[in-house]
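Participant: Below are the sequence and a predicted model; questions follow.
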Number of protein chains: 2
Amino acid sequence: MSLRIALLGLLVEAGPSSGYDLTKHFGLSTSNVWSAKHSQIYPELRKMEADGAVTAVEESGARNKRTYEITDGGRGELRRWLIETDPNRDVRSEACLRLFMLPLLDPEESLPLLRAEAAVYQVRVNRLKSLAESMDSDLNRYQATLGVLNMTALRDWATYVADDIERKAAEKRA
Amino acid sequence: MSLRIALLGLLVEAGPSSGYDLTKHFGLSTSNVWSAKHSQIYPELRKMEADGAVTAVEESGARNKRTYEITDGGRGELRRWLIETDPNRDVRSEACLRLFMLPLLDPEESLPLLRAEAAVYQVRVNRLKSLAESMDSDLNRYQATLGVLNMTALRDWATYVADDIERKAAEKRA
DNA sequence: GGTTGACATGTAAAAACTTACATATGAATC
DNA sequence: GATTCATATGTAAGTTTTTACATGTCAACC
C-alpha cells in the first residue's frame, strides 16, 4: 500500500510524471521516508492505471515516455488513506540499526565510527537547510524541514554517545 | 542481512534468548529502527544456527523453548559488519510518509491530524524519557535517547507545520 | 472444570522488494 | 563517427517480509 500512496502523493505534488521522474524523486527528498526502484515502480503504475487511480499518456515519437496523471479516483483514494488510516509506525533504517549497535564495540573502535556518523549527518543537515531555504512550495519546504530535524537528531545523538563513551573511557584510565 | 545483524546485536545485548523473547524486543525498543515478526525470526535463527553464528539449547520438559546464544563466530560477524559495512541509508517509515503528505489536504482536514500526530509523538517522548532514566545499562539508555531525539523531532515538525498552515489560513481569511 | 490470555514455535502462501538482465533513444563530447 | 552519459522502460529471478494458518502448554480466574 505504501508505495501506491507515495506515488499518488508525488503525482499530486509534482503533477503529471513518468515512471522515470517518479524514480528520481525516490532517490531524493522522498528517500528520507520511503523509496523504491524503477523495477517496482513501473509495474505498480501499470496496476494503478488498470485500477483507474491514474491515467497514462504515451508520448509519440520521443523516447517512448509514458506520462501518468492522477485521476479523481486516485485523489479520493489518497485522501481517504491520509484521513482514515492508522499508519504503521514501525521504522526501518539500517543506518540507525547500526548506530544503535555501535556502542557494543570497544571505545577505540566505536569512537571514530560515531564521529564519522555525526559528520555524515552534519553534511546532510547543511544540505537540507539550504534546500529548505531554496524551496518555492510550502510542501517541499516542510519536507526538507523534516529532513533537517531528523538529521539533526541523529547528529546530536552520535555526538552525545561519542562524548559519553569518551568521558567514561577517560575516567577508567584515570 | 539486517535482520540477522539485528538478531546478533540483541543476543549480545540481552544474552541468551528465545525466538519469542527476540520477537518481543522487535515490538519494543528495536521497532524504532528495525522490526520483524516471529514467522521471520524463527526460520532465521535456525539458519544462523546452521551457519554456526549461534548455538541453541532446547529446554526439556517446559513449553518447548529453544534458547539461542551467540557464538564467537557470530560476534565476529557482527563486529565486521559494524566496522566494515557502509549501511544503506534509506529510511522506510509509513508514519513519516503520511506526515509528509498531510499538508496536501485542506487546512480544516490537515490541522487536526497534524495536532493529533504531535500528541502521539509527545506521548512517545514522555515514555522514552522516563525509560531512558530508568535504564541501567549505557546501551539501553543510548537507545532510548535516540528514540527521544527522533520523537522530539517529529513532534516539533508536526507542530511547526500545523502552526504555519494555521497562520497562512488566518492570513487568507483576513 | 472451563475459559481466557500469555507463553512458545512453527509452516505456507502471498505480497513487497532487490538485483540483474535487457533494450533503445538522444545529446554532448572527443 | 565513436563513445559516453542521461533518458526511458521493461522483465525475470531471487530474497525478504507479511499474513494467515496451525498447534500445544501453563497459570490465573471464575
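Facilitator: It's in. Since this is a predicted model, take the numbers as computed values, not measurements. Numbers count the residues shown, from 1 in each chain, chains lettered A, B, ... in the order given.
Participant: A:Asp86: how many residues sit nearby?
Facilitator: 7 (other CB atoms under 10 Å in any protein chain shown). The C-beta positions use only the backbone N, C-alpha and C, and glycine is treated the same way.
Participant: And A:Asn64, by the same measure?
Facilitator: A:Asn64 has 8 neighbours, counted by other CB under 10 Å.
Participant: Looks like it contacts A:Glu58 (just checking).
Facilitator: Yes. Counting by CB atoms under 8 Å, A:Glu58 is a contact partner of A:Asn64 at 7.0 Å.
Participant: Excluding residues flanking it in the chain, which one is nearest the most centrally placed residue in chain A?
Facilitator: With distances taken as CA atoms, centre = their mean, chain A has A:Asn32 as the residue nearest its mean C-alpha position (1.8 Å). Excluding the flanking residues, the one nearest A:Asn32 by CB to CB, 6 or more residues apart in numbering or on different chains is A:Gly147, at 5.0 Å.
Participant: Compute the inter-axis angle for whichever strand or helix holds the one you found and helix B:138-173.
Facilitator: Element membership for A:Gly147, per DSSP states H and E: helix A:138-173. Orientation of helix A:138-173 against helix B:138-173 (axes from the mean of the first three to the mean of the last three CA atoms, to 10 degrees) gives an angle of 160 degrees.
Participant: Can you name the residues in contact with stretch A:33-47?
Facilitator: A:2-4, A:6-7, A:19-20, A:22-23, A:26-27, A:54, A:56, A:66, A:68, A:146, B:90-94, B:96-97, B:99-100 (CB atoms under 8 Å, 6 or more residues apart in numbering or on different chains).
Participant: Tell me who's in contact with the residue nearest to the centre of chain A.
Facilitator: Taking CB under 8 Å, 6+ apart as the definition, contacts of A:Asn32 comprise A:143, A:146-147, A:150, B:91, B:96.
Participant: Please repeat the previous calculation with a cut-off of 7 Å.
Facilitator: Residues near A:Asn32 by CB atoms under 7 Å, 6 or more residues apart in numbering or on different chains: A:147, A:150, B:91.
Participant: what does A:Thr30 give?
Facilitator: Residues in contact with A:Thr30 (CB under 7 Å, 6+ apart) are A:6, A:10.
Participant: Secondary structure class of it, three-state.
Facilitator: helix (DSSP: H, G, I helix; E, B strand; the rest coil).
Participant: Buried residues in stretch A:18-34, which are they?
Facilitator: A:18-19, A:21-23, A:25-26, A:29-34 (16 or more other CB atoms under 10 Å in any protein chain shown).
Participant: How about stretch A:51-71?
Facilitator: Applying 16+ other CB under 10 Å to stretch A:51-71 flags A:53-54, A:66-68, A:70-71 as buried.
Participant: now these in JSON lines, with secondary structure and pLDDT?
Facilitator: Formatted as JSON lines, the buried residues of stretch A:51-71 follow (DSSP: H, G, I helix; E, B strand; the rest coil; pLDDT from 0 to 100):
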{"residue": "A:Ala53", "secondary structure": "coil", "pLDDT": "98"}
{"residue": "A:Val54", "secondary structure": "strand", "pLDDT": "98"}
{"residue": "A:Arg66", "secondary structure": "strand", "pLDDT": "95"}
{"residue": "A:Thr67", "secondary structure": "strand", "pLDDT": "97"}
{"residue": "A:Tyr68", "secondary structure": "strand", "pLDDT": "98"}
{"residue": "A:Ile70", "secondary structure": "strand", "pLDDT": "98"}
{"residue": "A:Thr71", "secondary structure": "coil", "pLDDT": "98"}
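Participant: DNA strand D next: which of those residues are close?
Facilitator: The residues of those that also fall near DNA strand D, by CB under 7 Å from any atom of the strand, are A:66-67.
Participant: Report the separation between the residue nearest to the centre of chain A and B:Glu171.
Facilitator: As for A:Asn32, its distance to B:Glu171 is 29 Å (criterion: CB to CB, to the nearest Å).
Participant: A:Trp81 too?
Facilitator: A:Trp81 is 29 Å from B:Glu171, where distance means CB to CB.
Participant: Same drill for those two, tell me which one is more crowded.
Facilitator: Using other CB under 10 Å, the more surrounded residue of A:Trp81 and B:Glu171 is A:Trp81, with 18 against 8.
Participant: what about that one, which helix or strand?
Facilitator: According to DSSP H and E, A:Trp81 maps onto helix A:72-84.
Participant: That helix close to chain B?
Facilitator: Yes. Helix A:72-84 reaches chain B (CB under 7 Å from any CB of the partner chain) through A:79, A:82-83.
Participant: nearest to DNA strand C, of those?
Facilitator: Nearest to DNA strand C out of the residues of helix A:72-84 next to chain B is A:Leu82 (CB to the nearest atom of the strand; 17.7 Å).
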